[in-house]
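Student: The sequence and its predicted three-dimensional model are supplied below.
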Amino acid sequence: MQEVQKYIKDNSDRFLNELLALLRIPSISADPKYKGDVAKTAEAVADSLKNAGCNHVQIYPTAGHPIVYGEHTIDSSLPTVLVYGHYDVQPPDPLDLWNSPPFEPVITKTERHPDGAIFARGSCDDKGQMYMHVKAFEAMIQSNQLPCNVKFMIEGEEEIGSSNLGIFCNEYKDMLACDVVLISDTSIIANDTPSITVGLRGLSYVEVEVTGPNKDLHSGVYGGAVANPAQVLCDMIASLKDENKHITIPGFYDDVVIVSDADRKAMNQAPFDRADYMKGLGIEDTMGEKGYTVLEQTSIRPTLEVNGIWGGYIGEGAKTVLPSKAYAKISMRLVPNQKSETITQLFKKHFESIAPAGVKVEVKPHHGGEAAVTPSDTPEYKAAAMAMKATFGKEPIPVRSGGSIPIVALFEDVLKVKTVLMGFGLDSDDIHSPNEHYGVFNYFKGIETIPYFYQHYAAFKQNS
Ligand code: BES
Ligand code: MN
Ligand code: MN
């Protein structure tokens, strides 16, 4: 292991510069304008796998963006680790809120990252975290210390729902056969408080359209007598939660697994400073479901959020208009046992039922995904915990995260394997927001920790 760690130290400048180069390609999967750049990023990832020492690398085109697959088999009697990551990124908008251009990475010191953080879209989610695996793999290969077979599956559509990855996994089930999936696309509690994610929320995402009169109207001539879709939409959305911030959709909580008091107590032991949390967000108070702590509200409880709402006149100055249409994008984060499809249907039925006469309502489902729990009594969890202990000098804390990685449930379904979520980002790294960043410390901590995972995992499997 010393050789591996020495290799990482000796090559650290190059490891950093290679990541910066990858961050310069705007691989925005949601925007068709960037299709070429997404493809270019896939090529760059494939090249990096070849250069790192993979003995087989292939780009698989899909109906959407390509999947990069790489494989390094050393001995079929050894366990196989499948590394999953994504090279696509979220759109960087709103651009004017960035302190430096999103695809021109710069390294700046911050309060939470005194060693510097790389500011760029995708630095943390997920290019930086994905690339740690490529470099850790290179370090193990070059030091002749790779104790497992490795498969890489790096996709370009995670941020838009991974629909083609689902098809790919079913089609290439045999090729993807493995003992465990390893993913770095989540967070740790803090740079001095390592944690391992043991749960992710599911997602149901819908778009709603409210239509009133057949054209935009003069808000004076017609205002007062005709249903205003923008206001109706606000009323409808407001009614989706009661005064305790409990979701009012009938049946919404039916399948929610009740977490035991003991488990709730344990999860609230995790270090969390509410004042610091609020300060970081510039808010004076938090607002969430009554009876639950912030940690619980963002992990074991489902929620409903408006992601965007528009309609009517939003240009310069004032225009007196009663809009014909209003829209909103609404996401619901789900917990284990709730089914994305069921929740979408419940939402649709309820939302249509509360529409007042005078408007028409349409609910269009977008992508969804199931929640996942990854147990902490498995060899892979223990290997990850030992790896983090080795590099952080502290036992990691198991935590359930509020975000979603729908393919984790899919891996369990299709490949019949468990996932270990060993991420290295911080929740405060502003993923999906302006000024996304990733600590230089975190990048190298990840590269250093991953080889220990392989070492401990191989040892566990050998002895079992
Ligand atoms: N890496 C995130 C998910 C994440 C972030 C999990 C932080 C835990 C902690 C992932 O790229 C993501 O953004 N997922 C989407 C879902 C997807 C279907 C668009 C999400 O959570 O909104
Ligand atoms: Mn991600
Ligand atoms: Mn993301």
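Tutor: Now that the structure is in, tell me what you want to look at. Numbers count the residues shown, from 1 in each chain. Ligands and ions are numbered 1, 2, ... in the order given.
Student: Quick check: closest non-adjacent residue to the closest residue to ligand 2 within the stretch 151-300 of the chain.
Tutor: Residue of the stretch 151-300 of the chain nearest ligand 2, by CB to the ion: residue 185 (4.0 Å). For glycine as for every other residue, the C-beta is placed from the backbone atoms N, C-alpha and C. Using CB to CB, 6 or more residues apart in numbering and skipping the chain neighbours, the partner closest in space to residue 185 is residue 126 (4.7 Å).
Student: Repeat that for residue 24.
Tutor: residue 103 is the one closest to residue 24 (CB to CB, 6+ apart), at 5.6 Å.
Student: cool, residue 115 as well?
Tutor: In space, residue 115 is closest to residue 441, 4.6 Å off (CB to CB, 6+ apart).
Student: Residue 55 now?
Tutor: residue 72 (5.4 Å).
Student: Could you check how many residues crowd around that neighbour?
Tutor: Using other CB atoms under 10 Å, residue 72 has 21 neighbouring residues.
Student: now do residue 459
Tutor: Applying other CB under 10 Å, I find that residue 459 has 14 neighbouring residues.
Student: Which helix or strand contains it?
Tutor: helix 440-463 (DSSP states H and E).
Student: Could you list the buried residues of that helix?
Tutor: Of all the residues in helix 440-463, those buried under the rule 16 or more other CB atoms under 10 Å are 440-458, 460-461.
Student: same deal with stretch 185-195?
Tutor: Of the residues in stretch 185-195, those buried (16+ other CB under 10 Å) are 185, 186, 187, 188, 189, 191, 194, 195.
Student: now swap in stretch 93-108 and tell me
Tutor: 98, 102, 103, 105, 107.
Student: separation between the nearest residue in space to the first one that is not next to it in sequence and ligand 2?
Tutor: Spelled out, that is residue 98. Spatial nearest neighbour of residue 98, chain neighbours left out: residue 434 (4.9 Å); criterion: CB to CB, 6+ apart. From residue 434 over to ligand 2 the distance is 17 Å, taken as CB to the ion, to the nearest Å.
Student: Do I have it right that residue 434 meets residue 90?
Tutor: No - contact criterion CB atoms under 8 Å: residue 434 and residue 90 do not qualify, at 10.7 Å.
Student: the more surrounded of these two?
Tutor: residue 90 (19 against 16).
Student: Packing partners of the helix or strand bottoming out on mean pLDDT in the chain?
Tutor: None of the helices or strands of the chain scores lower by mean pLDDT, DSSP states H and E than helix 261-267, at a mean of 92. In terms of contacts (3 or more CB pairs under 8 Å, 6 or more residues apart in numbering; DSSP states H and E), helix 261-267 is packed against helix 294-297.
Student: Relative to the whole chain's centre, how far out is the helix it packs on?
Tutor: 18 Å (CA atoms, centre = their mean, to the nearest Å).
Student: Residues touching that helix, excluding its own?
Tutor: With contact meaning CB atoms under 8 Å, 6 or more residues apart in numbering, helix 294-297 is reached by 259, 264, 267, 268, 270, 272, 274, 277, 286, 288, 289, 303.
Student: For the residues you listed, which two are the farthest from each other?
Tutor: 259 and 277 (21.0 Å; CB to CB).
Student: the more surrounded of the two?
Tutor: Set residue 259 next to residue 277 and count neighbours by other CB under 10 Å: residue 259 wins out with 18 against 15.
Student: what helix or strand is that one on?
Tutor: Secondary structure (DSSP H and E) places residue 259 outside all helices and strands.
Student: isn't it right up against residue 300?
Tutor: Yes - using CB under 8 Å, residue 259 is in contact with residue 300, at 4.9 Å.
Student: overlap in contacts of those two?
Tutor: With CB under 8 Å, 6+ apart as the test, residue 259 and residue 300 both reach residue 267.
Student: Assign residue 57 to one of the three secondary structure states.
Tutor: strand (DSSP: H, G, I helix; E, B strand; the rest coil).
Student: beta partners of it?
Tutor: Beta-bridge pairing for residue 57 (DSSP bridges): residue 70.
Student: still on that earlier bit, can you verify the residue nearest to residue 98 is assigned to a strand?
Tutor: No - counting by three-state DSSP, residue 434 is located in no strand; its state is coil.
Student: Could you count how many residues lie near the residue lying closest to residue 323 once chain neighbours are set aside?
Tutor: In this structure, residue 323 finds its nearest non-sequential neighbour in residue 312, 3.6 Å apart by CB to CB, 6+ apart. Counted with other CB under 10 Å, the neighbours of residue 312 add up to 17.
Student: residues from this protein in reach of ligand 1?
Tutor: 125-126, 158-159, 161, 185-187, 200, 203, 367, 369, 401, 403-406 (CB under 6 Å from any ligand atom).
Student: from the residues you listed, which would you call buried?
Tutor: Of the residues of the chain next to ligand 1, these count as buried by 16+ other CB under 10 Å: 125-126, 158-159, 161, 185-187, 200, 203, 369, 401, 403-406.
Student: Next, the angle from the helix or strand residue 152 falls within to helix 440-463.
Tutor: For residue 152, the host element (DSSP H and E) is strand 149-155. Between strand 149-155 and helix 440-463, the angle comes out at 140 degrees (axes from the mean of the first three to the mean of the last three CA atoms, to 10 degrees).
Student: What residues sit buried inside strand 149-155?
Tutor: 149, 150, 151, 152, 153, 154, 155.
Student: Can I get these in JSON lines including pLDDT?
Tutor: As requested, the buried residues of strand 149-155 are exported to JSON lines (pLDDT from 0 to 100):
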{"residue": "149", "pLDDT": "98"}
{"residue": "150", "pLDDT": "98"}
{"residue": "151", "pLDDT": "98"}
{"residue": "152", "pLDDT": "98"}
{"residue": "153", "pLDDT": "98"}
{"residue": "154", "pLDDT": "98"}
{"residue": "155", "pLDDT": "98"}
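Student: Quick check, pLDDT for residue 104.
Tutor: At residue 104, the predicted lDDT confidence score is 98.
Student: how close does it get to residue 305?
Tutor: As judged by CB to CB, to the nearest Å, residue 104 and residue 305 stand 31 Å apart.
Student: residues touching the closest residue to residue 326 other than its chain neighbours, list them.
Tutor: Nearest non-adjacent residue to residue 326, counting by CB to CB, 6+ apart: residue 311, 3.1 Å away. Residue 311 sits next to 210, 229, 230, 233, 323, 325, 326, 327 when contact means CB under 8 Å, 6+ apart.
Student: for residue 361, helix, strand, or coil?
Tutor: Assignment for residue 361 (three-state DSSP): strand.
Student: ok so, going back, looking at the contacts of helix 294-297, which has the most residues close by?
Tutor: That'd be residue 267 among the contacts of helix 294-297, by other CB under 10 Å, with 21 neighbours.
Student: That residue contacts residue 400, correct?
Tutor: Yes - in this structure residue 267 lies within contact range of residue 400 using CB under 8 Å: 6.8 Å.
Student: Common neighbours of the two, please.
Tutor: Common neighbours of residue 267 and residue 400 (CB under 8 Å, 6+ apart) are 299, 300.
Student: got the buried residues for stretch 301-318?
Tutor: In stretch 301-318, counting by 16+ other CB under 10 Å, buried: 301, 302, 303, 304, 311, 312.
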